[in-house]
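Q: predicted structure and sequence below. I'll ask about it afterward.
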Amino acid sequence: MTHVIDEIVAADVRNGEPLGRGQRYDFVIVGGGPNALGIAAYLSKWGFSVCILEARPEVGGGAENFEPLPGYSCDPHASFFYGGAGPGPEQLELGKYGFRLSNTTDGISIRPDGLAQVGQDAWYKGRKLDVAEMVSMLGFDKPGPKAFLEFLDALAPHMQDLLRSIYWTPPYDERWRTTPGEQPWAKILRDAYDGFDERLLADISWYEWLTELEIPDPMKCGMLIGAWGNGPHPFWSGMAIPAFTVLQLMMTTGAAPVGGMHSLAHALARCALAHGTRIFVNSPVSEIIVEDGAAKGVRVADASVLQEKTVWANLGVIMNTHVRQLPGLVGEQHLASDFVQRVADTSLRGGSLYVANMIASEFPEFKDAPGAFDGKETPTSWVLNASTENLMELMRDVHTFRTHPTDIDHYAGVWFIGHAAHDKTRLRSGDAYIFDMNLQVPAPEDHRDGPDAVNRASDEILANVKELVRRYAPNMTEDKWIGCYVNTPHDSEFRNMGFVGGNWMGMRESQDEWWARKPLPELARYRTPIDGLYLCNQTSHPGGLCLIAVPYNLMHILHEDYDEVSKTEPDWWYPSPWHVTDEEGGTA
């Protein structure tokens, strides 16, 4: 990405134009993560002048890659593209700007006693099972599991509508007093399945629902850790539907960007640049200028590349930074004191990810699933120690004891993503495999032993992970590891200003910080108490995951707030059919 920006900088220098001097833009965007690039692409394609100011040397934020060794591209943060069910790739024509997807392969989950699940329907315990044995072992001949399969089957034709009604639609305003049962997605669920359990709209947790359905391990553990790792906490009240749908996001897309997640950032940036967006890196914003209660522009730090330190906005300023940075950027004098305190109190206690990018000379040969992938691609992902009982102990470590796991048996539901399985551009051909290992640990600010505790224990954690791999794949001896490159939550916070607390979802994913309360009820529709200042980052609904959803949803709000937007609606734009405007909701 930097070479594209360098060309723009060079052109400015050749033309004798001082960078940023005297410039005004319709919209100024603070930060250059994927959501910033997405909203810039939307606005500039719509016809507005847009400027992005990014503090780091390159744009991309959490959708970045790094190359620890020449020819090996790894992910410190995002690994999957979850936006396949949304309108973004089509509306922004990302294919024109180099965005390509590669189909993913099956996954494998193995529980401690050796039962392994490969894909959706192949089960092993040292040998392949016949169909009758598989049904008996899974319990799918019982009422609960059978009902779950019927629910999935009935919902399949409606899945895109369900996902768009949740993720690609601005949330309702809580002041409208609509209940969960009145939301569009609730109607879709009821219409799709006659036996829909109404408790899913209220306080039941994902764990409680799966337990009542008698879903067995390793499937149950895989679905629990899949929800936790992607945001919605499986043990917290009201998270059943968010947990269920976040797993469907992965399955619906079923593909990964060729070249890694940064290729999504590249495509969004190319789209924005093609339509006139100006992007400046090494340009940290030190202040959002507020006059008469409205955002008028920004000031950049003295050390930035811009000669003129003030950049003005004709229409609005958009924050692509963590919501906790809002008071400091606008000045607490412009905000109510109770609001400032509630922003500071937003919780990061959903847990954070310890990520190890591991390069090996061999692929793990799982002794409990011999021949599972003979003649096929290697699995895209695998979960080891898939035990719900052990997973509960890991959650106790993280949330109650507020520490990283020290007992190797508490390394439960440890999941790996193998990019070599579906994207050959990520490594030198034929001589190695790349694994992306994820383990839940406390957010740095919540760890009982201090914010750098996980960093101090990193060697021990990595040794335990390698030992766990050897339990299931004895061929993975120490000499098979070419290199292991760790990104702790503390590292994530250092690498990305928006990753406060190292929490890539931006905050705890629980009922009190979800949907129309994310990040706070009055901020859920992306507006702030400052006129003309909007949020557009992972702390906004629906959060992280590189969905291109926050930019799409924000365009609905800008459409309501600005005649300049609503009166120039282009042919390529189509809004969510489930969006309810403020006027329709009664809070205009």
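A: That came through fine. Residues are numbered from 1 along each chain as shown.
Q: burial measure for D459, as a count.
A: 11 (other CB atoms under 10 Å). (Each C-beta comes from the backbone N, C-alpha and C, glycine too.)
Q: er, Q333 actually
A: 7.
Q: who touches L348 in this structure?
A: The neighbours of L348, taking CB atoms under 8 Å, 6 or more residues apart in numbering as the test, are 443, 445-446, 500-501, 503, 507-508.
Q: now swap in T179 and tell me
A: Neighbouring residues of T179 by CB under 8 Å, 6+ apart: L201.
Q: give the buried residues for stretch 88-107.
A: 88-89, 91-92, 94, 97, 99, 101-102, 104-107 (16 or more other CB atoms under 10 Å).
Q: no, scratch that, I was asking about stretch 527-536
A: Neighbour counts using 16+ other CB under 10 Å place 527-528, 530, 532-536 of stretch 527-536 among the buried residues.
Q: from these, which land in helices?
A: Judged by DSSP state H, the buried residues of stretch 527-536 include no members of helices.
Q: which one of the residues you listed is nearest to R56?
A: C536 (17.2 Å; CB to CB).
Q: kindly provide the distance from the closest one to P57.
A: Note on C536: its distance to P57, by CB to CB, to the nearest Å, is 22 Å.
Q: what does Q538 give?
A: Taking CB to CB as the measure, Q538 falls 21 Å from P57.
Q: the two: who's more crowded?
A: Q538 (30 against 10).
Q: three-state assignment of the more buried one?
A: With DSSP: H, G, I helix; E, B strand; the rest coil as the basis, Q538 sits in coil.
Q: need phi/psi at it.
A: Reported as degrees, to the nearest 10, the phi and psi values for Q538 are phi -70, psi -10.
Q: try the one 5 residues further on
A: Its backbone dihedrals place G543 at phi 100, psi -150, with angles given as degrees, to the nearest 10.
Q: equivalent analysis for R426, please.
A: Dihedral angles for R426 - degrees, to the nearest 10 - are phi -90, psi -10.
Q: and L315, by the same measure?
A: Torsion angles, degrees, to the nearest 10, at L315: phi -120, psi -50.
Q: show me the contacts for it.
A: 26-27, 48, 532, 562, 564.
Q: same thing with P242?
A: 166, 227, 231-232, 509, 514-515.
Q: one more: R448?
A: 401-403, 442 are the contacts of R448 under CB under 8 Å, 6+ apart.
Q: ok, V246 next?
A: If you count contacts by CB under 8 Å, 6+ apart, V246 has them with 82, 226-227, 230-232, 545.
Q: repeat that for 10 Å
A: 82, 163, 166-167, 206, 226-232, 239, 509, 542-543, 545 (CB atoms under 10 Å, 6 or more residues apart in numbering).
Q: gap between G62 and F339?
A: Distance of G62 to F339, given as CB to CB: 26 Å.
Q: those two - which one has more neighbours?
A: G62 (26 against 17).
Q: mind checking the SS state of the more buried one?
A: coil.
Q: thought it was touching G502?
A: No: taking contacts as CB atoms under 10 Å, G62 lies outside contact range of G502: 11.3 Å.
Q: joint contacts of these two?
A: 492, 495-496.
Q: in TSV, list those residues along with secondary structure and distance to Y193.
A: Below are these laid out as TSV (DSSP: H, G, I helix; E, B strand; the rest coil; distance: CB to CB, whole Å):
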residue	secondary structure	distance to Y193
S492	helix	39
R495	helix	43
N496	coil	40
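Q: buried ones among these?
A: 492, 495-496.
Q: and the buried residues of stretch 527-536, which two are the farthest apart?
A: Farthest pair in the buried residues of stretch 527-536 (CB to CB) is I530 and C536. Separation: 14.2 Å.
Q: show only the entries of the buried residues of stretch 527-536 found in strands.
A: 533-535 (DSSP state E).
Q: wait, which of those is closest to L427?
A: Looking across these and measuring by CB to CB, the closest to L427 is L535, at 37.0 Å.
Q: which intervals of this protein have sub-threshold pLDDT?
A: Along the chain, segments meeting pLDDT under 70 span 1-22, 120-140, 375, 420-422, 586-588.
Q: how does it divide into domains?
A: Domain ranges of the chain: 2-63+260-346+507-583, 105-134+348-502, 140-215+218-250, per automatic domain parsing.
Q: as a markdown table, those with distance to S73 would be great.
A: Converted to a markdown table, those look like this (distance: least, CB to CB, whole Å):
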| stretch | distance to S73 |
| --- | --- |
| domain 2-63+260-346+507-583 | 5 |
| domain 105-134+348-502 | 5 |
| domain 140-215+218-250 | 21 |
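Q: between the ones you listed, which gets nearest to P70?
A: Per CB to CB, nearest to P70 of the domains of the chain: domain 105-134+348-502, 8.1 Å.
Q: in the stretch 401-550 of the chain, mark out all the helices, start to finish.
A: 453-456, 458-472, 489-495, 549-561 (DSSP state H, counting those that start in this stretch).
Q: which one of those lies closest to T310?
A: Comparing the helices of the stretch 401-550 of the chain by CB to CB, helix 549-561 comes nearest, at 23.2 Å.
Q: which helices and strands sit right next to the closest one?
A: Judged by 3 or more CB pairs under 10 Å, 6 or more residues apart in numbering; DSSP states H and E, the packing partners of helix 549-561 are helix 34-46, helix 88-91, helix 159-167, strand 310-319, strand 533-535, helix 563-566, helix 582-585.
Q: report the angle between it and helix 159-167.
A: Relative orientation of helix 549-561 versus helix 159-167 (axes from the mean of the first three to the mean of the last three CA atoms, to 10 degrees): 60 degrees.
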